[in-house]
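**Student:** Structure here, sequence nowhere to be found:
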């Protein structure tokens, strides 16, 4: 059957696109020049590899959009899930967690567990913030490479042990 609608034939020829329809590629920022954004993208990939290495049979779900109230990953191990949020600091100073409150509020309502994976710095203020909002359902881990895999695995396994599966 031949498509007889002229708009479909002419639109590619004249480069017209409907402004209200966005392709999935346009949701993500492309070619950002921010040094921290480039570091964050690379760090997310490294943390993803670490999660796959530490839990080869686990399912890892990635959030396709960048929002402040959703975690970057959902790690499902043995039927139990832990949210994983990655944070990148360009300097080795204190990590206060100023971008975490929208995510913590949402997870507090949902009752989910959270591991914040930080590339460097002192996470003491962020640990206090997470403890105030989530209690023992959240933690911060400083992970900068495979040498810190035991810290990451210990934090996630501690949160998984807290969870009880309901039939």
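**Tutor:** All right, it came through fine. Not measured: the values here are computed from a predicted model.

**Student:** Quick check: mean pLDDT of the strand or helix carrying residue 156?
**Tutor:** Using DSSP states H and E, residue 156 maps to helix 149-162. For helix 149-162, the mean per-residue pLDDT is 92.

**Student:** Output the contacting helices and strands for that helix.
**Tutor:** Other elements packing on helix 149-162 under the criterion 3 or more CB pairs under 8 Å, 6 or more residues apart in numbering; DSSP states H and E are helix 35-54, strand 73-77, strand 80-87, strand 114-118, strand 138-142. In this view, the C-beta of every residue, glycine as well, is placed from N, C-alpha and C.

**Student:** hey, which of those is tucked in deepest?
**Tutor:** strand 114-118 (a mean of 25; mean count of other CB atoms under 10 Å).

**Student:** just how off-centre is the helix or strand following that one within its chain?
**Tutor:** Downstream of strand 114-118, the next assigned helix or strand under DSSP H and E is helix 124-134. Centre-to-centre, helix 124-134 and its host chain are 18 Å apart (CA atoms, centre = their mean, to the nearest Å).

**Student:** tell me the centre residue of this protein?
**Tutor:** residue 72 (1.0 Å; CA atoms, centre = their mean).

**Student:** Against residue 161, how distant is that residue?
**Tutor:** To residue 161, residue 72 is 23 Å away according to CB to CB, to the nearest Å.

**Student:** Residue 65 belongs to a helix, doesn't it?
**Tutor:** No: counting by DSSP: H, G, I helix; E, B strand; the rest coil, residue 65 is not part of a helix but coil.

**Student:** From residue 162, how far out is it?
**Tutor:** For residue 65, the distance to residue 162 - CB to CB - is 29 Å.

**Student:** These two: which has the busier surroundings?
**Tutor:** Applying other CB atoms under 10 Å to residue 65 and residue 162 shows that residue 162 carries more neighbours, namely 11 against 8.

**Student:** Go ahead and confirm the more buried one touches residue 113.
**Tutor:** Yes: counting by CB atoms under 8 Å, residue 162 touches residue 113, with 7.0 Å between them.
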